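1. next comes the sequence, and after it the predicted model I'd like to discuss.
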Amino acid sequence: MLPEINLKTWVSILAGFLISNASVLRNRNRKGNNTHQENNTVQEGIVKTMATGWSGAHESRSITQGWKISVEKFVKNYDPSVLPRVTCLLYEIKWNSTNRTWQRWICSANNTHAEIYFLHDISTKLRRNRFVHCSITCYMSWSPCGDCCREIMDFLEEMPNVNLVIYVARLYWHEDENNRQGLRELESSGVTIQIMDLPVYSYCWKTFVRDEEKDEDDYWPSHLAPWMTLYSLELQFILQSIPSSLNISMDENQSPIFSLCVDEELKRALMSANP
């Protein structure tokens, strides 16, 4: 459960963020964004591009067999300042009874969300013993949609001894109430949900990215901190049932523009949640 935030703290964070990062958010040249939505709001664009899926075959690779995600795919899909077409999901399973770890990565494909492939993979892996004690950590380029949240909860009901932690690079269609409710239900069921921070990016780089392609041993993308902050604030609002403050629109070059909006409804919600 994320800690409660009071209005004074939130306003201080918001003011500091806007002062420190306004020029970065407005002026950064965002490379690698291939979305071309006709609508000028990104929410509808995300739905279109994610529903289209990826034209290639479903990718699921075991790191223990020598397969890791490429540098290009990792950097492109886990940069929170852009809106890629696919969802990548890196995950590892640690069995409590041994030191053994099993790691894989998956991408969405053919109109099927990555979470569905993930659930199929781990169900196959764990089906011999549904009461096995293990911990699973996911590192997702997009947060689960509301429907996938409920699919995950159904899986966890069948596997009561599985502990799940989910890190996400960005929030999927964050203003949609079904998605917001799904994340709240998932968190209430005992799943930890957090926005990826710099140590998590570094861990994924060292663990899941192909060694032969790396120019550096570590990956510490501090330039992504403004977007991490925006999504972290929005995730707190979602889990505390506070109206959305994050607005994402598209400029004339079809690049996303991020901004925070504090209207009267949000002010009232903050005051009510934190008297």
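-> Alright, I've got the coordinates.

2. ok, T137 - contacts?
-> When contacts are counted by CB atoms under 8 Å, 6 or more residues apart in numbering, T137 touches Y91, E92, K94, L164, V165, I166, Y167. In this view, the C-beta of every residue, glycine as well, is placed from N, C-alpha and C.

3. which of the residues you listed count as buried?
-> Neighbour counting with 16 or more other CB atoms under 10 Å marks Y91, E92, K94, L164, I166, Y167 as buried within the contacts of T137.

4. quick one: which of those residues sit in strands?
-> When DSSP state E defines the strands, the subset of those inside them is Y91, E92, K94, L164, I166, Y167.

5. just give me the closest of the residues you listed to K68.
-> For those, the closest approach to K68 (CB to CB) belongs to E92, at 12.3 Å.

6. the closest one against C204, yeah?
-> No - the criterion here is CB atoms under 8 Å, and E92 misses it with C204 at 10.1 Å.

7. where exactly do the helices run in the stretch 151-275 of the chain?
-> With DSSP state H, counting those that start in this stretch applied, the stretch 151-275 of the chain shows helices at 177-188, 198-208, 225-239, 264-273, listed in chain order.

8. just those helices: most buried one?
-> Each of the helices of the stretch 151-275 of the chain was assessed for mean neighbour count using mean count of other CB atoms under 10 Å. The highest is helix 225-239, with a mean of 20.

9. give me the distance from that helix to the chain's centre.
-> In terms of CA atoms, centre = their mean, to the nearest Å, the centre of helix 225-239 is set 11 Å apart from its chain centre.

10. now swap in stretch 233-240 and tell me
-> Averaged over its C-alpha atoms, stretch 233-240 has a centre that lies 13 Å from its chain's centre (CA atoms, centre = their mean).

11. stretch 76-95 too?
-> Chain-centre distance of stretch 76-95: 7 Å, with CA atoms, centre = their mean.

12. list the buried residues in that stretch.
-> Counting neighbours by 16+ other CB under 10 Å, the buried set in stretch 76-95 is 76-94.

13. out of the residues you listed, list just those in strands.
-> In strands, judged by DSSP E, the following of the buried residues of stretch 76-95 are found: C88, L89, L90, Y91, E92, I93, K94.

14. any idea how far the second one lies from I136?
-> Yep, that's L89 we're talking about. Taking CB to CB, to the nearest Å as the measure, L89 falls 11 Å from I136.

15. what of the first one?
-> Taken as CB to CB, the spacing of C88 relative to I136 amounts to 16 Å.

16. for W205, give me its contacts.
-> With contacts defined as CB under 8 Å, 6+ apart, W205 is in contact with F74, K214, D218, Y219.

17. with C138 instead?
-> Applying CB under 8 Å, 6+ apart, the residues near C138 are L89, L90, Y91, F118, L164, V165, I166, Y167.

18. from the ones in strands among the buried ones among the contacts of T137, which one has the minimum pLDDT?
-> Across these, the member with the lowest pLDDT is K94, scoring 91.

19. isn't it right up against C134?
-> Yes - proximity of K94 to C134 meets the contact threshold set by CB under 8 Å, at 6.3 Å.

20. okay, the closest residue in space to Y172 that isn't next to it in sequence: pLDDT?
-> Nearest in space to Y172, with sequence neighbours left out and distances taken as CB to CB, 6 or more residues apart in numbering, is W142 at 4.3 Å. W142 is assigned a predicted lDDT (pLDDT) of 97.

21. so W142 belongs to a strand, correct?
-> No - secondary structure assignment places W142 outside any strand; it is coil (DSSP: H, G, I helix; E, B strand; the rest coil).

22. mind listing what it touches?
-> When the contact criterion is CB under 8 Å, 6+ apart, the partners of W142 are M50, T87, V168, A169, R170, L171, Y172.

23. turn those residues into TSV, columns for distance to R100 and pLDDT.
-> Formatted as TSV, the contacts of W142 follow (distance: CB to CB, whole Å; pLDDT from 0 to 100):
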residue	distance to R100	pLDDT
M50	34	30
T87	27	95
V168	26	98
A169	27	97
R170	31	97
L171	33	97
Y172	32	95
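
24. just the buried residues from the residues you listed, in ChimeraX please.
-> Remark: buried members of the contacts of W142, expressed as a ChimeraX selection using 16+ other CB under 10 Å:
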select :50,87,168,169,170,171,172
